[in-house]
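Novice: any chance you could fold what I've pasted below:
(one chain, ligands or ions: 2)
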Amino acid sequence: MVVLSQLALEPFSVIKTCKPIGLFSEIPVIDLTDPHAKTLIIKACEEFGFFKLVNHGVPMEAMTKLEALATNFFNLPQPEKDKAGPPNPFGYGNKKIGPNGDVGWVEYLLLNTNPQISSQKTSIFQENPQIFRSAVEDYILAVKRMAFEVLELMADGLEIESRNVFSRLLRDDKSDSCFRLNHYPPCSELQALSGGNLIGFGEHTDPQIISVLRSNNTSGLQICLKEGTWVSVPPDQTSFFINVGDALQVCLLCVFILFS
Ligand SMILES: C=C1C[C@]23C[C@@]1(O)CC[C@H]2[C@@]12CC[C@H](O)[C@@](C)(C(=O)O1)[C@H]2[C@@H]3C(=O)O
Ligand SMILES: O=C(O)CCC(=O)C(=O)O
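Specialist: Numbering: from 1, shown residues only. Ligands and ions are numbered 1, 2, ... in the order given. As a prediction, the model looks like this:
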């Protein structure tokens, strides 16, 4: 048994904890091949701002490959991972999230997704540079295709004449879309001491149009419902989850104001 002294616990004092909450089974599920997908997406955006995507067209092989390589990266000794940091804004980060001084029990790789991905810090792809880089590129390409489809269905569902009104923002070579690989390391001693789960990536809204999320069959992601209750998203190995970001929420509000 390891007993942590007060001194050893000091660096963790800024990491918050939360009590486990129940899994939420009512998250809308959108089948991307369903002819009614556009209507169902808009309904899900209005009701939850969050939905699950199935039959999304991203090959399972691309997901599995990336997951294995990311796991290899996060299993590297700390000094090796640190060579890919600090994130400014792209690169490897540990506990410090974003520019606002937020901290969490998380380490991550933040990358840009534009075609000049080769301009990323090469130390990110250190172990197997070609293999890791091409797995990241293949995955990003497949996820982008899916995101184009979702954004175009959203425009269709809103009956906006130009179908690419949202997707062109992502298609743009200068798009500031980014790709984030989060790893939440286990820390059973601290969890036992605190009596709750350590918060990895704290409460926030996403500034983007949409965020595309995937978990490797692990629970932990929580969303806040309209009435303010936090619920847990059930673990899922094969689906993606879409979260409506602040930018799209503003667009949706404008559309509703204009047409109501
Ligand atoms: C804590 C934060 C990190 C973040 C900016 C923020 O203040 C709130 C949203 C976070 C997020 C989530 C999606 C993307 O990964 C990200 C790059 C973004 O634009 O918003 C991160 C931000 C970040 O890591 O800087
Ligand atoms: O790791 C996750 O699934 C959550 C990350 C997140 O909330 C985000 O990137 O906005």
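
Novice: against E80, how distant is the residue positioned nearest the centre of the chain?
Specialist: Nearest residue to the geometric centre of the chain (Cα atoms, centre = their mean): L213, 3.9 Å. For L213, the distance to E80 equals 27 Å [Cβ to Cβ, to the nearest Å]. Glycine gets a C-beta too; all of them are placed from N, C-alpha and C.

Novice: kindly report the same for V58.
Specialist: On the measure of Cβ to Cβ, V58 and E80 end up 29 Å apart.

Novice: those two: which has the busier surroundings?
Specialist: Set side by side, V58 and E80 show more neighbours around V58, with 23 against 14, by other Cβ atoms under 10 Å.

Novice: now do that one, the pLDDT please.
Specialist: pLDDT, V58: 98.

Novice: does the closest residue to I124 other than its chain neighbours sit in a helix, a strand or a coil?
Specialist: Excluding its sequence neighbours, the residue lying closest to I124 (Cβ to Cβ, 6 or more residues apart in numbering) is A84, at 4.4 Å. Look at A84: counting by DSSP: H, G, I helix; E, B strand; the rest coil, its state is coil.

Novice: specify the beta-bridge partners of L198.
Specialist: In this entry, L198 is beta-bridged to T17, by DSSP bridges.

Novice: wait, it touches L190, no?
Specialist: Yes. Counting by Cβ atoms under 8 Å, L198 touches L190, with 6.2 Å between them.

Novice: on that earlier part again, now do the phi/psi pair for the residue nearest to the centre of the chain.
Specialist: phi -120, psi 150 (degrees, to the nearest 10).

Novice: tell me what it is bridged to.
Specialist: Beta-bridge pairing for L213 (DSSP bridges): F241.

Novice: show me the shaky parts of this structure.
Specialist: Residue ranges of the chain with pLDDT under 70: 1-13, 115-123, 126-128, 194, 260.

Novice: mind doing that once more with 50?
Specialist: By pLDDT under 50, the low-scoring segments of the chain are 1-8.

Novice: what segments of it are helices?
Specialist: 6-9, 37-47, 60-74, 78-82, 129-157, 167-171, 188-194, 246-259 (DSSP state H).

Novice: as CSV, those helices with distance to ligand 1 would be great.
Specialist: Shown next, in CSV, are those (distance: least, Cβ to the nearest ligand atom, whole Å):
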stretch, distance to ligand 1
helix 6-9, 23
helix 37-47, 18
helix 60-74, 15
helix 78-82, 17
helix 129-157, 14
helix 167-171, 14
helix 188-194, 21
helix 246-259, 9
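
Novice: which of these sits closest to S239?
Specialist: The closest of these to S239 is helix 60-74. By Cβ to Cβ, the value is 10.3 Å.

Novice: could you export the closest one as CSV, CA atoms only?
Specialist: This file holds the C-alpha atoms of helix 60-74, laid out as CSV (Å, rounded to 0.1, in the frame of the first residue of the first chain):
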residue,chain,number,x,y,z
MET,A,60,-13.0,0.8,-37.5
GLU,A,61,-9.5,0.0,-38.6
ALA,A,62,-8.5,3.6,-38.7
MET,A,63,-9.9,4.1,-35.1
THR,A,64,-8.2,1.0,-33.8
LYS,A,65,-4.9,1.8,-35.4
LEU,A,66,-4.8,5.4,-34.1
GLU,A,67,-5.9,4.2,-30.6
ALA,A,68,-3.0,1.7,-30.4
LEU,A,69,-0.4,4.2,-31.5
ALA,A,70,-1.8,6.9,-29.2
THR,A,71,-1.6,4.4,-26.3
ASN,A,72,2.0,3.7,-27.2
PHE,A,73,2.8,7.4,-27.1
PHE,A,74,1.1,7.9,-23.7
